[in-house]
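In: dropping the sequence and predicted coords here.
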Amino acid sequence: MEQKKIMVIEDEKPIADILKYGFEKEGFEVTCAYTGGSGLEMAEDYAPDMVLLDWMLPDIAGVDVCRMLTERYNLPIIMLTARSNVEDKLYGLESGADDYITKPFDLREVVARVRTILRRFERVQGIRKEEPAAEGLTVSEQERMVCRNGEAVELTPKEYDLLLHFLKHPRQVFTRVILLEQIWGYDYAGDTRTVDIHIQRLRRKTGLGDKLVTVFGVGYKYVP
Ligand code: CA
């Protein structure tokens, strides 16, 4: 397997070192930046497959670094945060982060989540750019953007991931638990209601409506 490149942007050197050590042991290539500015600068040449980004950096706020990275590159980002406040998390997700890890973390958990997100990201890359995804819907995965009849549809990162998951697997039935595992990560603390809420929003926002079919007692499928 091709060696994946991880970039760690974290000003606390001991934490950066632990991540570097842990990921290298698992066969990843890792580089560390200790400020937001140097991270943004290094990302250009290093071209990471994924970024682990600290929320509290000395020069630029982690969320702002996240936003700048997602504006420039199409790559998944996990935020590392000491805060467990839900509003902070939502704020971070709006800025384009794919997932959250609260410090102190379990290294094995971080590795597992990174693997999950990288797999998901690769699957999503399988959809060609600007391919008409469904009636009236166009997906530009370079920009992680969905248009409905030419108009941009505002989707959260998870709504986007969920939509692409269905579009990539037409007619396949997914249980709520499987969707939670595949879209949110197997150790996500939320419950299956999360899936229902996201499906409802997707039906409304994308106009797919009942093409996102409820399979009674099982889960959901997308029927083109
Ligand atoms: Ca910090």
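Out: Structure received. Residues are numbered from 1 along each chain as shown.

In: mind giving me the packing neighbours of the longest helix seen in the chain?
Out: Taking DSSP state H as the assignment, the helix of the chain that covers the most residues is helix 107-125. Identification of packing neighbours for helix 107-125 by 3 or more CB pairs under 8 Å, 6 or more residues apart in numbering; DSSP states H and E yields helix 13-25, strand 50-54, strand 77-81, strand 99-102, helix 157-168. Heads up, the C-betas are built off the backbone N, CA and C, glycines and all.

In: rank these by mean pLDDT and give me the bottom one.
Out: Among the helices and strands packed on helix 107-125, strand 99-102 has the lowest mean pLDDT, at a mean of 84.

In: quick one: which of the helices and strands packed on helix 107-125 is nearest the ion?
Out: Proximity to the ion (CB to the ion) singles out strand 50-54 among the helices and strands packed on helix 107-125, at 4.4 Å.

In: redo the helices and strands packed on helix 107-125 as a markdown table? Include mean neighbour count and distance to the ion.
Out: Output for the helices and strands packed on helix 107-125, formatted as a markdown table (neighbours: other CB atoms under 10 Å; distance: least, CB to the ion, whole Å):
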| stretch | mean neighbour count | distance to the ion |
| --- | --- | --- |
| helix 13-25 | 16 | 8 |
| strand 50-54 | 25 | 4 |
| strand 77-81 | 24 | 8 |
| strand 99-102 | 18 | 13 |
| helix 157-168 | 21 | 23 |
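
In: related to what we said a few turns ago, tell me the angle the longest helix of the chain makes with helix 13-25.
Out: When axes from the mean of the first three to the mean of the last three CA atoms, to 10 degrees is applied, the directions of helix 107-125 and helix 13-25 differ by 60 degrees.

In: tell me the mean pLDDT over helix 107-125?
Out: Helix 107-125 comes out at a mean pLDDT of 84.

In: list the contacts of that helix.
Out: For helix 107-125, the surrounding residues in contact (CB atoms under 8 Å, 6 or more residues apart in numbering) are 4, 6, 18-19, 22-23, 26, 28, 49-50, 52, 75-76, 78, 98-99, 101, 141, 161, 164-165, 168, 182-183, 185-187.

In: show me which residues of the chain sit near the ion.
Out: 11, 54, 56 (CB under 5 Å from the ion).

In: so where's this protein shaky on pLDDT?
Out: 1-2, 83-94, 123-135, 186 (pLDDT under 70).

In: so how many other residues sit close to the closest residue to D210 other than its chain neighbours?
Out: Counting by CB to CB, 6 or more residues apart in numbering, D210 lies nearest to R203, which is 7.4 Å off, once chain neighbours are set aside. Here the number of neighbours of R203 (other CB atoms under 10 Å) works out to 15.
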